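S.K.: Sequence below, structure please.
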Amino acid sequence: YQNCGECESGILMDGYCNNKIDVDVLWNLIELNDTLYGAHPMELGTTFTGISNWNVGNLEYLDMSDHGISFLPDNWGDLDYIKELNLKNNSIENLPDSFTHMDSLLILKLHNNMLSSLPEYIGNLEYLEELFLPGNQLTSIPESMGELQNLKKLNLQKNFITTLPVTFCNLPEECTIKIGDNCIAESYDCIPDPGDQNECASMNVVNYQPADYQLFTPFPNPFNSVTSITFFIPKPGFTSLELLDLNGKLLK
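M.R.: Numbering: from 1, shown residues only. Now for the predicted structure:
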């Protein structure tokens, strides 16, 4: 990519001006999360093998898994061209209401975050084919989920869901549904194999924080002249950080 004064976004890539709205959303994401400090929108996300994240200037694929993200900007739903979104293994507690406005979204991965609820109108993601939500803190599912008539895969494992809405069985018959490791006592005709369920009627859902430390991947990468290193420790305290070169020699 390169700077371009003739592009509204100020950025040109592969001969196309990058969509200003998409770029603005990514700038907002960076501003909200300290773990992305110093990042540039065009350097965000893991590029899919053989596939560019951007197509004719529009953002279509974005992999922000394992980036220590806690917040998504309110204008996240302005990503009109995004097809696949991977936000696995972060610390996201809430999805903005605009999240359901991503009209082109086909695949959504939200494994292992801290979500306790989903947007009421998640059923508006009418073209969604795969939805992954295992390892969160969900206690219920919006009724509108039954409106996802193109859904082929739905994973709700390892949450705290106690019941499913009546509309849940409106999902397509060919949709593969996984709801194991929840708190669901009732049986549903549309789910012949609910998997093992937990006795958690009296369980209190608390925000989980790692008891050990976490060291996130250096951003944008450790070979840049300037890089950002983010880490998590379970309690306040003094911390020292030592950097080694490829030969194991301590850098000063």
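S.K.: which residues of the stretch 51-200 of the chain score low on pLDDT?
M.R.: Low-confidence segments of the stretch 51-200 of the chain, defined by pLDDT under 70: 51, 200.
S.K.: What ranges does it have for its strands?
M.R.: Using DSSP state E, counting those that start in this stretch, the strands of the stretch 51-200 of the chain run over 54-55, 58-59, 61-63, 84-86, 107-109, 130-132, 153-155, 176-178.
S.K.: Need the contact partners of the second one.
M.R.: Going back to what we said before, that points to strand 58-59. 19, 22, 26, 53, 79-82 (CB atoms under 8 Å, 6 or more residues apart in numbering). Every residue, glycine included, has its C-beta placed from N, CA and C.
S.K.: Can you identify each of the helices in the stretch 1-150 of the chain by residue range?
M.R.: Along the stretch 1-150 of the chain, counting by DSSP state H, counting those that start in this stretch, helices occupy 20-32.
S.K.: Could you measure from residue 166 over to residue 143?
M.R.: Distance of residue 166 to residue 143, given as CB to CB, to the nearest Å: 8 Å.
S.K.: picking up where we left off before, may I see the strands of the stretch 51-200 of the chain organised as a markdown table, with distance to residue 190 added?
M.R.: Formatted as a markdown table, these follow (distance: least, CB to CB, whole Å):
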| stretch | distance to residue 190 |
| --- | --- |
| strand 54-55 | 36 |
| strand 58-59 | 35 |
| strand 61-63 | 31 |
| strand 84-86 | 26 |
| strand 107-109 | 21 |
| strand 130-132 | 16 |
| strand 153-155 | 11 |
| strand 176-178 | 7 |
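S.K.: Arrange these in TSV, one row each, with distance to residue 186 and mean neighbour count as further columns.
M.R.: Converted to TSV, these look like this (distance: least, CB to CB, whole Å; neighbours: other CB atoms under 10 Å):
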stretch	distance to residue 186	mean neighbour count
strand 54-55	44	19
strand 58-59	41	22
strand 61-63	36	20
strand 84-86	31	21
strand 107-109	26	19
strand 130-132	21	20
strand 153-155	17	18
strand 176-178	14	16
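S.K.: got a list of what residue 147 touches?
M.R.: 123-124, 126, 167, 170.
S.K.: Check whether residue 189 really touches residue 168, as I assumed.
M.R.: No. Using CB atoms under 8 Å as the test, residue 189 is too far from residue 168 to be in contact (10.6 Å).
S.K.: The two - which one has more neighbours?
M.R.: Set residue 189 next to residue 168 and count neighbours by other CB atoms under 10 Å: residue 168 wins out with 20 against 6.
S.K.: do you know how far that one is from residue 105?
M.R.: Applying CB to CB, the value for residue 168 to residue 105 is 20 Å.
S.K.: just residue 164 next, same as before
M.R.: Distance, residue 164 to residue 105, using CB to CB: 22 Å.
S.K.: Can you pick out the residue with more neighbours from residue 166 and residue 143?
M.R.: More crowded of residue 166 and residue 143, by other CB under 10 Å: residue 143, with 17 against 10.
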